[in-house]
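[1] need a structure here:
(chains A, B, C and D)
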There are 2 protein chains.
Amino acid sequence: MVKEPQPLFNDQLEIDRDSYEPAYIQLANILRRQIAEGVFRPGDQLPSESQLCHRYGISPMTVRRTINLLADEGLISTAQGRGTFVKGIELSEATFGLRELKDLFKPDQQAHVKLLDARVVSADERTARKLEIACGAPVIYIRRLFSRAEQPVFYHRAYLIYDPTRPIVEAELDVTSLQGLFAGGNHSLLKFGTLNIESTLLTNEEAELLKRPYPCAAFYLEHLFYDYDDHPLSWGWFIIPADCLHFTAQVGVSPRQAIHSGGK
Amino acid sequence: MVKEPQPLFNDQLEIDRDSYEPAYIQLANILRRQIAEGVFRPGDQLPSESQLCHRYGISPMTVRRTINLLADEGLISTAQGRGTFVKGIELSEATFGLRELKDLFKPDQQAHVKLLDARVVSADERTARKLEIACGAPVIYIRRLFSRAEQPVFYHRAYLIYDPTRPIVEAELDVTSLQGLFAGGNHSLLKFGTLNIESTLLTNEEAELLKRPYPCAAFYLEHLFYDYDDHPLSWGWFIIPADCLHFTAQVGVSPRQAIHSGGK
DNA sequence: AAGTGGTCTAGACCACATG
DNA sequence: ATGTGGTCTAGACCACTTG
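    Numbering: from 1, shown residues only, chains lettered A, B, ... in the order given. As a prediction, the model looks like this:
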């Protein structure tokens, strides 16, 4: 056991106006903690906004920001004219992000991208439908394999609109640049995109490329990007073996969220 | 072609104070649309907050709400002392919800839950570790199969803490009630939970139960719920064949977001 | 020094729900 | 009629960045 000159967890009861933390964050921490401690249980009504104003000596707008923050987190819900209430945990409200993927794609010394294919081909029926072009029209076809420490990590296949009147500028190739898509970068060509995640089996070809035994489960991550004219610009998918990726999410108040220091 | 007495898309340029839509929403729509139209491209600096105040005749706090809203959407980013900038689309910022699952679990006339097992067993090594109890300690074991229109949809297996001092109240059994977990309900016992999503192959047993051929890809959705003492209360997982579930997300400004009526 | 985002105030008015 | 959430104002002050 170790002596603790300052408490490990935050049992803050008042707003500290000298804190570097904004008042609305402090109040959110206080309420979040009270919910985590069971002071307020699912279904309970929280103190009204005016009560919170008087209790903590802050203005209505500041209380409102806190309420909105916690509502965005899915912890509470508001009903005009009735009050603010604590929500029970709901699986259907859980969200997971692609941060795990970002780490996967992150280039380092060990990372290596092998370009398997990069040429102009005729669009087949499915590709033409996805890219909203004529069947048989020319498209740029790209296939590549991403490895780390000699171990294949994922496989990527993509089809890009091929416009002979517009030379294939650097930026266009960058559309499928992995670092660019995941880390950010300014894709001034892309307006928006849709993603689709499924569970799938590796095909024999993919299993061979990825050096996995057959059968093998994998994630299928499909992407479709549109330009500023709302025309599809690129379509493709990543195949990521199950052992390389998993997604996590949380519902309710995690202990880490509730135990947040509020010191000066 | 059809005549359009009112424009299909929103080319609103001013804030309509008589609109039922709040000013901060209207401004968000205006800016979102300008970003979608390419008026502001990734990397561009947006007008400063004070400029927006004067341009649209609203107060700083209202502009701020709009800025925060768009920043939460991942469309723009702010830098204190420098300005507000349009972000390029980033895959790593996409988020997926579990709404699709909610529909899957939704009970209707066609839905049927078959209880395969429900008894007290001794915890094996893995279960004991997950539930943070002693190996061999008694736990409630539940297995069930959810079908719709005679077609198996998913398989669920769960282990619940068995506390002889606390009789198994209705609420505790409700912990794994499917409708409850997904649709909401007040789980006053559960404080928070963690979810883990993987891609997997059906085992022979699962394939048989779910009437799928082998091999077959599926989602493995693991859940671990904690009570208000931060002790694990239930651990388990859903097995959902690939053909029953997929997740979708969007990045950037989708046309639907930008085309939002702002009329009276 | 000037401009930017970030926070906050102390009220106001409205829409809604309840008794 | 009262209390609730929801929006908005017209400023203020601070922290930060840039020239």
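[2] then stretch A:44-55 to PDB, C-alphas only?
    The C-alpha coordinates for stretch A:44-55 follow below in PDB (Å, rounded to 0.1, in the frame of the first residue of the first chain):
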ATOM      1  CA  ASP A  44     -34.300   8.600 -11.800                       C
ATOM      2  CA  GLN A  45     -34.900  12.300 -12.500                       C
ATOM      3  CA  LEU A  46     -31.800  14.500 -12.200                       C
ATOM      4  CA  PRO A  47     -32.100  17.900 -10.400                       C
ATOM      5  CA  SER A  48     -33.600  20.500 -12.700                       C
ATOM      6  CA  GLU A  49     -31.400  22.900 -14.500                       C
ATOM      7  CA  SER A  50     -32.300  25.800 -12.200                       C
ATOM      8  CA  GLN A  51     -31.600  23.600  -9.200                       C
ATOM      9  CA  LEU A  52     -28.200  22.800 -10.600                       C
ATOM     10  CA  CYS A  53     -27.500  26.500 -11.200                       C
ATOM     11  CA  HIS A  54     -28.200  27.400  -7.600                       C
ATOM     12  CA  ARG A  55     -26.500  24.300  -6.200                       C
END
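[3] what about that stretch and DNA strand D, any contact?
    Yes - Stretch A:44-55 reaches DNA strand D (Cβ under 7 Å from any atom of the strand) through A:Leu46, A:Ser48, A:Glu49, A:Ser50, A:Gln51. To be clear about C-beta, it is placed using only N, CA and C from the backbone, and glycine gets the same treatment.
[4] for the closest residue to chain B within the stretch 51-200 of chain A, which non-adjacent residue is closest in space?
    In the stretch 51-200 of chain A, the residue that lies nearest chain B is A:Phe192 (3.1 Å; Cβ to the nearest Cβ). Once flanking residues are discounted, A:Phe192 sits nearest to B:Gly252: 3.1 Å by Cβ to Cβ, 6 or more residues apart in numbering or on different chains.
[5] thinking again about what came up before, what about the residue of the stretch 51-200 of chain A closest to chain B, which helix or strand?
    Element membership for A:Phe192 (DSSP states H and E) is strand A:190-201.
[6] note down every partner strand of that strand and its orientation.
    With DSSP bridges as the test, strand A:190-201 is paired with strand A:217-227 (antiparallel), strand B:247-252 (antiparallel).
[7] tabulate these (CSV), appending distance to B:Glu37, mean neighbour count and mean pLDDT.
    As requested, these are exported to CSV (distance: least, Cβ to Cβ, whole Å; neighbours: other Cβ atoms under 10 Å in any protein chain shown; pLDDT from 0 to 100):
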stretch, distance to B:Glu37, mean neighbour count, mean pLDDT
strand A:217-227, 12, 22, 94
strand B:247-252, 13, 20, 93
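[8] for A:Ala128, which non-adjacent residue is closest in space?
    Counting by Cβ to Cβ, 6+ apart, A:Ala128 lies nearest to A:Cys135, which is 4.3 Å off, once chain neighbours are set aside.
[9] ditto for A:Pro255
    Leaving aside its sequence neighbours, A:Pro255 sits nearest to B:Asp230 (Cβ to Cβ, 6+ apart; 5.9 Å).
[10] B:Leu190 versus that neighbour, what's the distance?
    Distance from B:Asp230 to B:Leu190, counting by Cβ to Cβ, to the nearest Å: 12 Å.
[11] so between those two, which is more surrounded?
    Comparing B:Asp230 with B:Leu190 by other Cβ atoms under 10 Å in any protein chain shown, the one with more neighbours is B:Leu190, at 23 against 13.
[12] walk me through the domains of chain A.
    Domain assignment of chain A by automatic domain parsing yields the ranges A:23-93+A:251-258, A:99-244.
[13] number of nearby residues for the residue of the stretch 51-200 of chain A closest to chain B?
    Quick note: A:Phe192 (other Cβ under 10 Å) scores 21 neighbours.
[14] for B:Asp18, see how far away it is.
    31 Å.
[15] pipe the domains of chain A into a markdown table and attach distance to DNA strand C per row.
    A markdown table is the format used below for the domains of chain A (distance: least, Cβ to the nearest atom of the strand, whole Å):
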| stretch | distance to DNA strand C |
| --- | --- |
| domain A:23-93+A:251-258 | 3 |
| domain A:99-244 | 18 |
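[16] least confident of those, on average?
    When the domains of chain A are compared by mean pLDDT, domain A:99-244 comes last with a mean of 85.
[17] and the end-to-end length of that domain?
    Length of domain A:99-244, first residue to last, Cα to Cα, to the nearest Å: 13 Å.
[18] contacting residues around A:Ser254?
    B:Phe192, B:Thr194 (Cβ atoms under 8 Å, 6 or more residues apart in numbering or on different chains).
[19] got phi/psi on it?
    Note on A:Ser254: its backbone torsions stand at phi -80, psi 150 [degrees, to the nearest 10].
[20] against A:Asp16, how distant is A:Ile58?
    Look at A:Ile58 and A:Asp16: by Cβ to Cβ, they are 12 Å apart.
[21] so the two - more neighbours on which side?
    Counted by other Cβ under 10 Å, A:Ile58 and A:Asp16 do not tie: A:Ile58 has more neighbours, with 19 against 13.
[22] wait, a strand at the more buried one?
    No - read with DSSP: H, G, I helix; E, B strand; the rest coil, A:Ile58 is coil and lies in no strand.
[23] now it: phi and psi?
    phi -130, psi 170.
[24] and it, how far is that from DNA strand D?
    Remark: distance between A:Ile58 and DNA strand D (Cβ to the nearest atom of the strand, to the nearest Å) = 12 Å.
[25] swap in A:Ala71?
    Using Cβ to the nearest atom of the strand, A:Ala71 is found at 7 Å from DNA strand D.
[26] wait, isn't that residue in contact with A:Ala79?
    No - the pair A:Ala71 / A:Ala79 is not scored as a contact, 10.9 Å apart, by Cβ atoms under 8 Å.
[27] between those two, who's got more neighbours?
    It is A:Ala71, of A:Ala71 and A:Ala79, that has more neighbours when counted by other Cβ under 10 Å, with 14 against 9.
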